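[1] need a 3D model of the sequence below.
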Amino acid sequence: MAETPAESTIVEQLLRDPLFARSRYPTLSRLLPAIEQRQFPAGTTIFRANAPADGFYVLLSGTVRLLKSDGTSSLISDTCFGEESATDFEGYFVDAVATTAVQTLYIPRAPLQALMTGQDYFKVECIGRLMSRISGQHLPTRAVAARPKTKSDGIAGFTGWLLAIVLPIIVWLLGIEYNLEQNIITSMMIFSSTVIMWMFSLVDDFIPGLFAIVAILMAGLVPPTVVLSGFASNSFLLAMSILGLSTIIASSGLGYRTSLLLLYHLPNSRFWNNFGIAMMGFFLTPMIPSINARLTMVSPIYEDLVNNLRFTPNGTAATQLAVSTFTGVSLLSAMFVTSKSVNFAMFSLLPTQAQDQFQGFKWFAATAVFTLILLLAFLALNAIMFRSQEKPYMDKKRLAAQLELLGTLKHREWAAFLGIAVFVLGMMTASMHRIQPAFLSMTIFLGLLLFGSLQKKEFTEKVDWPFLIYLSELTGMVSVFNYLGLDQRLASALPILGITMRDNFGLFVLVLFLLISLIRLVIPISITIVILITLFMPLADIYGVNTWVVGFIILVLGEIWFLPYQCSYYQRFQEINETAPIYRESRFLTHNALLNAFRLLAIYASFPYWKVLGLL
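    Numbering: from 1, shown residues only. Model prediction:
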């Protein structure tokens with residue numbers, strides 16, 4: 001017998017069970033019309049074993065006996081049964097018989113499956129209950145992960161939001177006192193609140209920029225074409241196409257295959273093991289515009305290598321390999337415009353003429369001396385700091401088996417390989433065909449979409465759209481900055497830094513290093529870089545200093561970190577050590593600190609080279 005009960009009664013009864021109490025209420029609301037109330041007299045068989053599991057029952061009153069195939073049974077009351085309908089099993093496992101008059105809520109399988117979309121805990125809990133009944137003992141299920149804490153939680157969050165509200169008011173009062181124009185006051189109020197939201201990580205990085213754009217449009221400070229210019233910029237097109245190409249490189253398995261081939265063909269010695277895994281990172285650096293993504297690809301290979309080479313956990317050899325793995329994916333991140341998201345932001349702030357000057361490999365060529373010194377420093381520190389007699393054991397047969405399992409190159413791997421080849425060849429011959437890198441990369445990107453190599457789902461889910469919005473926001477905000485003449489006002493407000501930058505660039509770099517070191521104690525890498533390039537690149541342009549050099553130095557110095565909490569991608573790599581230490585962190589951090597010193601020295605050593613190129 002089926003009835004449709006009052007919805008308020010259904011809600012109360014459903015929420016008594018923890019399964020439904022933890023569900024999202026909008027989802028539960030959609031479930032209500034499908035629920036029926038069913039009553040069964042004593043002795044009624046509600047369903048039999050192997051019958052189609054077409055529904056889930058919430059027991060409201062009475063008792064039900066669940067009989068297993070082995071003849072054993074259990075009595076239940078005030079709970080749920082029929083959990084098979086919430087799993088991938090087709091039929092019920094037991095007979096369900098009403099031992100007294102029973103009232104239930106009946107939920108059909110299809111609406112129940114819809115309820116579980118995005119709520120994995122529901123199926124896990126139902127399977128756990130089923131297994132507990134079959135085994136006759138309680139089996140705990142995994143706990144639902146708690147929402148990770150962010151800087152916007154607790155005192156830091158309260159302080160940040162308070163400043164985001166109060167600081168614009170202070171800016172407004174100061175603007176009135178100093179008789180500034182209204183549009184300047186309004187823009188500075190918007191920018192101050194935006195920067196605070198970034199500094200305290202109150203929301204995701206792209207949201208403060210959206211706030212700024214909407215506020216600027218509503219206030220009518222500049223024409224929409226100015227504040228929205230970032231969405232039509234070459235840097236946006238270049239970033240979107242590179243992200244698309246990097247997506248297919250990762251998902252097709254081409255990056256993994258390349259790493260296996262590299263290890264298979266290199267000699268079996270500690271030097272070549274470290275060289276090989278570092279080369280993997282170097283190879284991926286210009287192709288994957290995210291250090292986190294590159295670490296995700298390479299870290300499992302590091303763990304496999306430590307095991308396969310039979311290195312002592314927490315020993316010298318394992319630590320050396322960890323350093324090579326991490327350094328490989330991060331060391332050259334400032335040397336290519338495509339190697340990190342914030343590099344696109346810096347590129348977008350260059351004047352149009354400078355963007356043409358530093359397209360493609362011209363950027364890398366300008367960093368040649370800096371790159372060479374850092375690579376030599378890395379090799380020297382690696383050789384000096386990690387001396388030991390520990391020898392590796394490389395199972396070439398296992399690598400051969402892994403490669404054999406991968407088989408020949410698949411369609412998508414060929415597509416990724418051809419995309420890389422065309423892009424690299426196009427960069428090398430840019431002076432001949434004069435096609436801008438953004439248009440070249442977009443053509444490759446379009447080809448991947450046209451031939452189905454990049455799927456719609458990957459395009460929508462794996463391309464980092466929040467970053468692309470973030471990049472466009474930065475470009476638009478700088479355009480607003482310049483349109484309102486704030487760059488000129490900044491130059492007049494910071495004359496000492498501007499003059500130092502022009503007349504004593506070496507001293508300026510030292511001051512910048514100290515400033516960034518202080519800022520990085522509390523502010524993340526990307527936000528530090530974004531704020532400083534927004535301030536100092538326009539200042540460099542005003543005082544006649546090459547904007548690319550200033551931006552590049554900020555990229556390099558912004559990456560410097562000494563303590564684990566200062567580097568989000570190291571914290572991800574650090575997770576390898578959580579269960580059982582694989583590498584010795586103290587030696588890892590010492591190597592990183594010494595390499596940071598060489599970064600600063602490499603900047604000064606690049607001055608003569610940059611003068612030869614006419615950049616200083």
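[2] from here on, contacts and neighbour counts on C-alpha atoms
    Will do.
[3] for stretch 509-523, what is the distance to the chain centroid?
    On the basis of CA atoms, centre = their mean, to the nearest Å, stretch 509-523 is displaced by 24 Å from the centre of the chain it belongs to.
[4] got it, and stretch 11-27?
    On CA atoms, centre = their mean, the centre of stretch 11-27 falls 33 Å from the chain's centre.
[5] contacting residues around it?
    The contact list for stretch 11-27, computed with CA atoms under 8 Å, 6 or more residues apart in numbering, reads 28, 58, 60, 79, 115, 119, 122, 125.
[6] buried subset of those residues?
    Applying 16 or more other CA atoms under 10 Å to the contacts of stretch 11-27, the neighbour count classes 28, 58, 60, 115, 122, 125 as buried.
[7] which of those fall in strands?
    Using DSSP state E, the members of the buried ones among the contacts of stretch 11-27 that fall in strands are 58, 60.
[8] what's the longest helix in this structure?
    Using DSSP state H to define each element, the chain has its longest helix at helix 154-177.
[9] coming back round to it: just flag the most distant two among the contacts of stretch 11-27.
    60 and 119 (24.0 Å; CA to CA).
[10] low pLDDT regions in the stretch 301-450 of the chain?
    360, 427, 430-431 (pLDDT under 70).
[11] just name the closest of the buried ones among the contacts of stretch 11-27 to residue 509, please.
    Distances from residue 509 to the buried ones among the contacts of stretch 11-27, taken by CA to CA, are shortest for residue 122, at 56.1 Å.
[12] ok, and what's touching stretch 521-532?
    If you take CA under 8 Å, 6+ apart as the criterion, stretch 521-532 is touched by 195, 198-200, 342, 345-346, 516, 519-520, 554-555, 558-559, 566-568.
[13] which of the contacts of stretch 11-27 fall in helices?
    If you go by DSSP H, those have 28, 115, 122, 125 in helices.
[14] per-residue confidence for residue 146?
    What the model reports as pLDDT for residue 146 is 44.
[15] follow-up on the earlier one: mean confidence (pLDDT) on the longest helix of the chain, please.
    Averaging pLDDT along helix 154-177 yields 90.
[16] tabulate the CA atom coordinates of it in CSV.
    Only the C-alpha atoms of helix 154-177 are listed here, as CSV (Å, rounded to 0.1, in the frame of the first residue of the first chain):
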residue,chain,number,x,y,z
GLY,A,154,39.8,32.4,12.4
ILE,A,155,41.7,35.5,13.4
ALA,A,156,43.5,35.9,10.1
GLY,A,157,40.3,35.9,8.2
PHE,A,158,38.6,38.3,10.5
THR,A,159,41.6,40.6,10.3
GLY,A,160,41.6,40.4,6.6
TRP,A,161,38.0,41.2,6.1
LEU,A,162,38.2,44.0,8.6
LEU,A,163,41.0,45.6,6.7
ALA,A,164,39.3,45.0,3.4
ILE,A,165,36.4,47.2,4.7
VAL,A,166,38.2,49.7,6.8
LEU,A,167,41.2,50.5,4.5
PRO,A,168,39.1,51.9,1.7
ILE,A,169,37.4,54.2,4.2
ILE,A,170,40.9,55.4,5.3
VAL,A,171,41.9,55.9,1.7
TRP,A,172,38.7,57.9,1.1
LEU,A,173,39.4,60.2,4.1
LEU,A,174,43.0,60.7,3.0
GLY,A,175,42.0,61.4,-0.5
ILE,A,176,39.6,64.1,0.6
GLU,A,177,42.2,65.6,2.9
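[17] that one packs against which elements?
    The contact analysis (3 or more CA pairs under 8 Å, 6 or more residues apart in numbering; DSSP states H and E) places helix 154-177 against helix 182-199.
[18] which parts of the helix or strand following the helix it packs on are buried?
    Next along the chain after helix 182-199, taking DSSP states H and E as the criterion, comes helix 206-219. Using 16+ other CA under 10 Å as the test for burial, helix 206-219 gives 206, 207, 208, 209, 210, 211, 212, 213, 215, 216, 217.
[19] confirm that residue 70 sits in a strand.
    No. Counting by DSSP: H, G, I helix; E, B strand; the rest coil, one finds residue 70 to be coil, located in no strand.
[20] what is the burial count for it?
    Neighbour count for residue 70, taken as other CA atoms under 10 Å: 6.
[21] who's in contact with it?
    Residue 70 touches nothing, counting by CA under 8 Å, 6+ apart.
[22] next one: it from residue 135, what distance?
    Applying CA to CA, to the nearest Å, the value for residue 70 to residue 135 is 12 Å.
[23] can you give the distance of stretch 45-63 from its chain's centre?
    Relative to the mean C-alpha coordinate of its chain, stretch 45-63 is positioned 45 Å out (CA atoms, centre = their mean).
[24] buried residues in it?
    So stretch 45-63, judged by 16+ other CA under 10 Å, has buried residues 46-49, 53-60, 62-63.
[25] quick check, nearest of those residues to residue 501?
    Taking CA to CA as the measure, residue 501 sits nearest to residue 56 out of these, at 71.9 Å.
[26] packing partners for the helix or strand containing the closest one?
    According to DSSP H and E, residue 56 maps onto strand 55-61. For strand 55-61, the contact count by 3+ CA pairs under 8 Å, 6+ apart identifies strand 80-81, strand 102-108, helix 109-115 as packing neighbours.
[27] would you mind writing the CA trace of the next helix or strand after it as PDB?
    Using DSSP H and E, the helix or strand that follows strand 55-61 in sequence is strand 64-67. Coordinates of each C-alpha in strand 64-67 appear next as PDB, following Å, rounded to 0.1, in the frame of the first residue of the first chain:
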ATOM      1  CA  VAL A  64      11.800  -6.200   9.800                       C
ATOM      2  CA  ARG A  65      13.600  -9.500   9.700                       C
ATOM      3  CA  LEU A  66      16.500  -9.700   7.100                       C
ATOM      4  CA  LEU A  67      17.100 -13.300   6.200                       C
END
